[in-house]
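Participant: Quick one: sequence plus predicted model below, questions after.
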Amino acid sequence: MDDCIIVRYGEIALKSDQTRKWWNKTLLENMKDCLEKNNITYSSIDVKLGRLIVYTKEKKEASIALRNVFGITSLSPAVRVEADFEKIKDKCLELSNNKGKKFRVSTRRITKEFPMTSDKVNGALGAFLKEKLDLEVNLTNFDFEMGIEFLDGYAYLFTERIKTFGGLPIGVQGKVICLVSSGIDSPVAAWLLMKRGCQVDLMHFKVTEEGYKKYTKIKEILQKFSYGHEIKDYVIDGVPYLSNTKQKLCEKGKDKWMCIFCKKRFLQEAERTCNEEGYLAIITGENLGQVASQTLKNLVLLDSTVKVTVLRPVLTYDKNEIVGMARIIGTYEISKEKEPKCPFTPNYPMTSGSAEELHNIEMMIWD
């Protein structure tokens, strides 16, 4: 008998042979990084027909850690026994004890060496457990599920199927840079791109010391999901540019343009870093219509000021949906910590800027 964890994946299985091998290898390396960073001892990891089997005595700790590895759809702490029905019955009896009164058996023969069909195993094992433990079979409203997966001459037995975040292994979609503030939305945007297989590095524009401290805490949490990639960050002091720009705009009676100028400068800083470091895209936490500066017209205007692709993964989510994701990630409470209001935000931000007017104002204040 061997203690192990069954790791399942989803989208990887849909890819071509060449891509599947690459993505499997990436997922395997990310899992190893996760286990090592969490000081979890394991003897080996087998890659088998849509499964990765982690052999470890620290099943509880490993399950908690591996839950945050993108590319995994579910996992089950399990034991591996020989595919002998009497041994399976004995171990299932032990595993099912004190799990509840209502149960079902779910069998899957991933490979077909075992002579009994899945339905016959379900029926025979269900009847055995019902009699021995005085249980009730219930296929829809059950307290626990006795799971069995047959694979390469062994039976993997488990009573728990832990749902994880899914997505793609980090590293299979290249690297991007995310503009992360101390707010709620941008950390979620970074997390969503990680979930889709990107290596995400961060850029923060420091305006207040309190905001910067919150950002460093957010970065630490995002790193807990970035197995396989050590997050690099770029911190830029935004105060000198913002102070000078606000003064010049106020002198010309154009202070309502401040947010446009702020975001334009930050996008251009990110574009420069993309060109120097090979990032494929800029990520922001902008959400359509959430605030005055995030109207569709303004977002289109801002996109025109850079040549690098700008992605906005939370663009269409309701605020409550974004807050829900932030709570799951663990960044919400940090983002909600009090900090001084941005001193550069105008009372009435521009909501429908045009490229021509932006150009004219730039010529006016920088001439």
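Facilitator: The structure has been received and is ready for your questions. Numbering: from 1, shown residues only.
Participant: Which helix or which strand is home to L249?
Facilitator: In the assignment (DSSP states H and E), L249 maps to helix 239-251.
Participant: Taking helix 239-251 as reference, get the angle to the helix or strand of the chain with the lowest mean pLDDT.
Facilitator: Taking mean pLDDT, DSSP states H and E as the measure, the chain has helix 355-366 as its least confident helix or strand, at a mean of 88. Here helix 355-366 points in a direction 100 degrees away from that of helix 239-251 (axes from the mean of the first three to the mean of the last three CA atoms, to 10 degrees).
Participant: Distance from helix 355-366 to the middle of the chain?
Facilitator: Relative to the chain's own centre, helix 355-366 is displaced by 40 Å; criterion: CA atoms, centre = their mean, to the nearest Å.
Participant: May I see the buried residues of that helix?
Facilitator: For helix 355-366, burial by neighbour count (16 or more other CB atoms under 10 Å) applies to 358, 361, 365. C-beta here means a position set from N, CA and C on the backbone, and glycine is covered the same way.
Participant: how about the residues you listed in CSV, adding distance to D185?
Facilitator: Below are the buried residues of helix 355-366 laid out as CSV (distance: CB to CB, whole Å):
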residue, distance to D185
L358, 24
I361, 27
I365, 29
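Participant: any idea of the mean pLDDT for the helix or strand K217 falls within?
Facilitator: Here K217 sits within helix 209-223, counting by DSSP H and E. Averaging pLDDT along helix 209-223 gives 96.
Participant: export it as CSV, just CAs?
Facilitator: C-alpha atoms of helix 209-223 as CSV (Å, rounded to 0.1, in the frame of the first residue of the first chain):
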residue,chain,number,x,y,z
GLU,A,209,3.8,54.8,1.4
GLU,A,210,0.6,53.2,2.7
GLY,A,211,-0.3,52.1,-0.8
TYR,A,212,3.1,50.7,-1.5
LYS,A,213,3.0,48.6,1.7
LYS,A,214,-0.3,47.1,0.7
TYR,A,215,1.1,46.3,-2.8
THR,A,216,4.0,44.4,-1.2
LYS,A,217,1.5,42.3,0.8
ILE,A,218,-0.5,41.7,-2.4
LYS,A,219,2.6,40.6,-4.2
GLU,A,220,3.4,38.0,-1.5
ILE,A,221,-0.1,36.5,-1.9
LEU,A,222,0.1,36.3,-5.7
GLN,A,223,3.4,34.5,-5.4
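Participant: List the buried residues of it.
Facilitator: So helix 209-223, judged by 16+ other CB under 10 Å, has buried residues 211-212, 214-215, 217-219, 222.
Participant: What is that helix packed up against?
Facilitator: Here helix 209-223 touches helix 185-195, strand 199-206, helix 332-335, going by 3 or more CB pairs under 8 Å, 6 or more residues apart in numbering; DSSP states H and E.
Participant: Of the buried residues of helix 209-223, which is the nearest to M350?
Facilitator: M350 has its nearest neighbour among the buried residues of helix 209-223 in G211, at 23.0 Å by CB to CB.
Participant: wait, doesn't that closest one sit right on S181?
Facilitator: Yes. Here G211 reaches S181: they are 7.0 Å apart, a contact under CB atoms under 8 Å.
Participant: Which residue ranges of this structure form helices?
Facilitator: For the chain, applying DSSP state H gives helices covering 17-37, 59-66, 85-96, 118-133, 185-195, 209-223, 239-251, 258-277, 296-303, 319-329, 332-335, 355-366.
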